[in-house]
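*Asks:* Curious how this folds, go ahead:
(chains A and B, ligands or ions: 2)
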Amino acid sequence: MHPAPSVILFTSLSGLGFGLLAWLGLGLPAVTGWVAFVFYFIGYALAAGGLMISAFHLANPKNAIKSFSQWRSSWLSREAVMAVISLLVIAVHAIGTIFFSTRLPAIGALGTILALGTVFTTSMIYTQLKSVPRWNTPLTPILFQLWSLGGGGLLAGQFTAAAVLLTILGAVQVIAWKQGDAKGATGQSTIETATGLGRIGKTRLLEPPHTGENYLLKEMAFTVGRKHALKLRIIALICAVVLPVALIVAFPATHALALPVIALHIVGLLAARWLFFAEAAHVQRLYYGM
Amino acid sequence: MTTLPTSTEKKLGLAIDLDTCVGCHACVVSCKEWNTSNYGTPLSDEDAYGAEPHGTFLNRVHSFEAQPESGCSQTIHFPKSCLHCDDAPCVTVCPTGASYKRSEDGIVLVNEDDCMGCGLCAWACPYGARELDQLSGVMKKCTLCVDRIYNENIPEQDREPACVRSCPAGARHFGDFADPDSNVSKLVGERGGIDLMPEMGTKPVNKYLPPRLKDAPSEARLPETNKDAKGFLAWLDKALEAI
Ligand code: SF4
Ligand code: SF4
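*Replies:* Ligands and ions are numbered 1, 2, ... in the order given. You can find the predicted model right below:
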């Protein structure tokens, strides 16, 4: 699939933002006043900013408001609804801690559940697609939760918990990569099932329907840069998991530690998210002999 | 609503005969011609006269080659457009309500006034049957020429999809698959019509009539009757050899 920068940034940043807000809802860290303001500001900037970036990949954004309407059937609509509800509920908790130095634990906990629920709806947009076998696995929502809670934990300064979560994340990510490789690009589908010509024999594309490009090929037959996949996987793992965990274990938890750990993690996250899109193949490529 | 109807009164669709299609692309052209000037926004082209022309099409003809265990390979021209699936994943993923399946005849349509151009429905379709128009920013797909088949302002013989009407080989058949006695249901019964990618669970309405297996080349060869020439030709043969 085409790794559009807007979608990579959107899923990465809003995931981190909602992860941070989930920790804050639990009162971790237990901050009030100006310090709380800074934490919430970062959380909202990432979560809401990410959502705004996602609007850039709409070809007809004037109808974006209508995406709140189909929550009964559509995961993308559910995501829009959940994002707004959770940002509103969390705002109540935020106002309490920032301006009144009072925490409302029940509302905070509800905010945490809603924030994680929003990340779940995002992950289901991809997981539901049978047409993209690499995404169509329960590991996708698990991974999105781990990325969100792990990265959010770093932003919330919960280093020990984050280190544990990142370690689990690393393991699950490797399993997901291996599982995806084993499935093969187009899973159960082959050019023979796509055309029904398997009953005659081995089938190949003789002539494509046109000599030029088209929307389908640009959007869903991305192959550039796959050859660097292994290198990028290693970079993603080292930056997002190995180095942050090593730094957390080796050094005392201070603000000075937070900066490099978070910066490294984000580099790894972006690499992993690029791969999430670039490595995923859509079965319709079979009609183009790919 | 982008929930699917539990059942549809009719199941209008196409039966495409892969034995008959000659790969002339007439349906591609007539589809583009009709649909660029009727339902919804035009089907735009970009760089049409330049080095890399590309544009939106609702129907495209691919060509495949299948190699049996023994004998010659078979060339199959393969038109592909929306299959108007009963269990259409493109409809349920749509967040705006723009995509829907009609309960009266099963046609899957996009209401362009609601579409926000997110492209998710094109991702959900396993067949590559939806294309986001690059100029208008809305999703385009086969409408089964909904603006022809019920159109009382055009002659009766034209009230079928443009691709069916224009096919010079008669490879495309339009009808109601819910009616067991319809032309298309009978064809599917006789010829063992098949679903594309049944493993995707989309339950396509459109069916493909698979090519019949070709005779073995030895059986198909012409009898070698004209080996020994007679009469004038025999004389000519001899005369030419003598020169
Ligand atoms: S062929 Fe594709 S676009 Fe058409 S109904 Fe089926 S899934 Fe939807
Ligand atoms: S591109 Fe339009 S029709 Fe397709 S899912 Fe998005 S809003 Fe719905």
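*Asks:* Now the residue of chain A found nearest chain B: closest residue in space that isn't a chain neighbour?
*Replies:* Here chain A gets closest to chain B at one residue, residue A:59, 2.8 Å apart by CB to the nearest CB. No exception for glycine: its C-beta is placed from N, CA and C like everyone else's. Spatial nearest neighbour of residue A:59, excluding adjacent residues (CB to CB, 6 or more residues apart in numbering or on different chains): residue B:117 at 2.8 Å.
*Asks:* How about residue A:40?
*Replies:* Using CB to CB, 6+ apart, the closest residue to residue A:40 is residue A:94 (4.4 Å).
*Asks:* what does residue B:158 give?
*Replies:* Among residues not flanking residue B:158 along the chain, residue B:165 sits closest, at 6.1 Å (CB to CB, 6+ apart).
*Asks:* Now for the one you found, how many residues are close by?
*Replies:* Neighbour count for residue B:165, taken as other CB atoms under 10 Å in any protein chain shown: 18.
*Asks:* Just the C-alpha atoms of the helix or strand hosting it, please, in CSV.
*Replies:* Taking DSSP states H and E as the criterion, residue B:165 maps to helix B:162-166. This file holds the C-alpha atoms of helix B:162-166, laid out as CSV (Å, rounded to 0.1, in the frame of the first residue of the first chain):
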residue,chain,number,x,y,z
ALA,B,162,-23.4,0.7,-22.2
CYS,B,163,-20.8,-2.1,-22.1
VAL,B,164,-23.4,-4.8,-22.9
ARG,B,165,-24.9,-2.7,-25.7
SER,B,166,-21.6,-2.0,-27.4
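*Asks:* And the helices in the chain, which stretches?
*Replies:* Because you didn't say which chain, this covers chain A. Applying DSSP state H to chain A gives helices spanning A:5-25, A:33-55, A:75-99, A:105-127, A:139-155, A:159-183, A:191-195, A:215-220, A:229-237, A:243-250, A:255-278.
*Asks:* Hmm, no, I was thinking of chain B.
*Replies:* B:26-36, B:89-92, B:120-124, B:146-149, B:162-166, B:183-191, B:217-220, B:231-242.
*Asks:* Put together TSV for those helices, with mean pLDDT and distance to residue A:240 on each row.
*Replies:* As requested, those are exported to TSV (pLDDT from 0 to 100; distance: least, CB to CB, whole Å):
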stretch	mean pLDDT	distance to residue A:240
helix B:26-36	97	47
helix B:89-92	97	32
helix B:120-124	97	26
helix B:146-149	97	50
helix B:162-166	97	50
helix B:183-191	97	52
helix B:217-220	57	60
helix B:231-242	82	83
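*Asks:* quick one, which of the ones you listed is nearest to ligand 2?
*Replies:* helix B:120-124 (3.3 Å; CB to the nearest ligand atom).
*Asks:* Any idea how far stretch B:27-35 is from the middle of the chain?
*Replies:* 12 Å (CA atoms, centre = their mean, to the nearest Å).
*Asks:* Pull out the buried positions in that stretch.
*Replies:* For stretch B:27-35, the neighbour count (16 or more other CB atoms under 10 Å in any protein chain shown) marks B:27, B:28, B:30, B:31, B:32, B:34, B:35 as buried.
*Asks:* show me what contacts the last one?
*Replies:* Going back to what we said before, that points to residue B:35. Counting by CB atoms under 8 Å, 6 or more residues apart in numbering or on different chains, residue B:35 touches B:43, B:58, B:140, B:143, B:145, B:162.
*Asks:* farthest-separated two in those?
*Replies:* Across the contacts of residue B:35, no pair lies farther apart than B:140 and B:162, at 14.6 Å, counting by CB to CB.
*Asks:* and these two? which has more neighbours close in?
*Replies:* residue B:140 (26 against 23).
*Asks:* What's the per-residue pLDDT of the residue of chain A closest to chain B here?
*Replies:* pLDDT, residue A:59: 93.
*Asks:* Around it, how many other residues sit close by?
*Replies:* 18.
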